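> predicted model follows, preceded by the sequence.
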Amino acid sequence: MVLCYGGSSHRKPFAWTAERFAPMVSYMDPEGKEHWLFDSFLCIEFQMGSYSINLGQHLDSGKREQWEELLDYWLGDPATGVGALETAVATVAERLGTPSEKRKVVMVMPDPIIYEYYSDMNSPTIYWGEVNGREMDFSKAADRITAYKWYIDEVRRHFDEADYKYIELAGFYIVSEDLATPGDGWNPELKRWEEVIPSVAEYLHALNESLAWIPYNRAAGYTRWEEMGIDYAYMQPNIFWGRHADYTWSRFFADIKANNLAMELEFDDELLARNAGSEAYRARLRAYMQGARDNGIYGTKPLAYYQGQDTFYNLATSSAAGDRAIFDELCQFVLNNPLRKQ
């Protein structure tokens, strides 16, 4: 599953087009043979302009209007967003034939943030808007769940009406990277995830939809994700940026094995050859791939790929030798995953 960030006005480039998706849909190897590449795409965003749809961004909390803007960004224009992914897959299918399975789409769910300014417990809890003519009060767990259900239903309605040939909705994603609950994590009183996530998971499962989550390294909830009803949890190593020298690969793999977690691979534009010091970042990405192999994750657990804003496309279109080498290694890593044969 590759992460595709989009929706907020601060994103550059802004729109996801078929051209931008293309390098993630298929890969031309050095011998000139084309292959299907990623099989799942996460449509993700954490803010909409000056509003937060992810608890903790130090912005005013997103209202129904911002949630609708996110829906419109990904689903409203067939030339961009999810519609562009359909086009990108259809274009490759003309050359390779229809894939054996549709490409999967996982849609982010905005956080229903309790307070209009998330950390100010004196700010309003009635601010988001209405569902079926009733004003939501996010101090009430039932209303936060209602907002989640409204959003889920809107996404599902779009996919039903669009009737895509090459892509399908596979589930939803919790945007918060921690799930703080009483006694576990930062300021659980602002979040109260235990009041809503299990109910949302139950609703999704009744609809035959999955629930995914990608916590940061050792985030609150990383030991309890299965209790919450989450189906796929991929923990971030956070080692790519070299900021946590005390956190070792051996500790990371011990953590994820002990808690039945999958793994996220991480990289961004720091590894591009045009940037000073890029060799160290390419070496770190290689350590992610080798670590997954050496520790029995590769081929046994699903993998997620954080690629910054547009790094995969930048690698695919680069002529620099270092970029081409790491791009080929990464694509071969995706292609040769034994899980693809199951």
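Right, received. Where do you want to start? Source: prediction; values computed, not measured.
> CA only for contacts and neighbour counts going forward, please
Fine.
> so Glu264 bridges to which residues?
In this entry, Glu264 is beta-bridged to Ala304, by DSSP bridges.
> right, and it touches Tyr234 too?
Yes: Glu264 is within contact range of Tyr234, at 5.5 Å (criterion: C-alpha atoms under 8 Å).
> what helix or strand does Gly296 sit in?
Taking DSSP states H and E as the definition, one finds Gly296 inside no helix or strand.
> that one and Ala254, how far apart?
Going from Gly296 to Ala254 by C-alpha to C-alpha, to the nearest Å gives 11 Å.
> over to Met121?
Where Ala254 is concerned, Met121 sits at a distance of 38 Å (C-alpha to C-alpha).
> pull up the overlap in contacts between Glu264 and Tyr234.
Residues touching both Glu264 and Tyr234 (C-alpha atoms under 8 Å, 6 or more residues apart in numbering): Ile214, Leu303, Ala304.
> of all these, which comes closest to Trp128?
Taking C-alpha to C-alpha as the measure, Trp128 lies nearest Ile214 of the shared contacts of Glu264 and Tyr234, at 25.6 Å.
> let me know the closest of the shared contacts of Glu264 and Tyr234 to Ala84.
Ala304 (21.0 Å).
> quick check: that closest one touching Tyr234?
Yes: if you go by C-alpha under 8 Å, Ala304 and Tyr234 touch, sitting 6.7 Å apart.
> give me the common contacts of those two.
Met263, Glu264.
> next, format the shared contacts of Glu264 and Tyr234 as CSV and append pLDDT, neighbour count and distance to Ser199.
Supplementary listing: those in CSV, determined by pLDDT from 0 to 100; neighbours: other C-alpha atoms under 10 Å; distance: C-alpha to C-alpha, whole Å:
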residue, pLDDT, neighbour count, distance to Ser199
Ile214, 98, 23, 19
Leu303, 98, 22, 26
Ala304, 98, 23, 25
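> tell me the one of those residues nearest Leu335?
Distances from Leu335 to the shared contacts of Glu264 and Tyr234, taken by C-alpha to C-alpha, are shortest for Leu303, at 12.2 Å.
> ok, the closest one - contacts?
Met1, Tyr234, Ala262, Met263, Glu264, Leu265.
> the residue lying closest to Pro99 once chain neighbours are set aside and Val334, how far apart?
Spatial nearest neighbour of Pro99, excluding adjacent residues (C-alpha to C-alpha, 6 or more residues apart in numbering): Ala93 at 6.9 Å. Separation of Ala93 from Val334 (C-alpha to C-alpha): 19 Å.
> one more: Ala88?
For Ala88 relative to Val334 (C-alpha to C-alpha), the value is 18 Å.
> how about Ala90?
From Ala90 to Val334 the distance is 21 Å (C-alpha to C-alpha).
> next: Asn217.
For Asn217, the distance to Val334 - C-alpha to C-alpha - is 23 Å.
> in stretch 271-284, which residues are buried?
Neighbour-count burial for stretch 271-284, counted by 16 or more other C-alpha atoms under 10 Å, picks out Leu271, Leu272, Ala273, Ser278, Tyr281, Arg282, Arg284.
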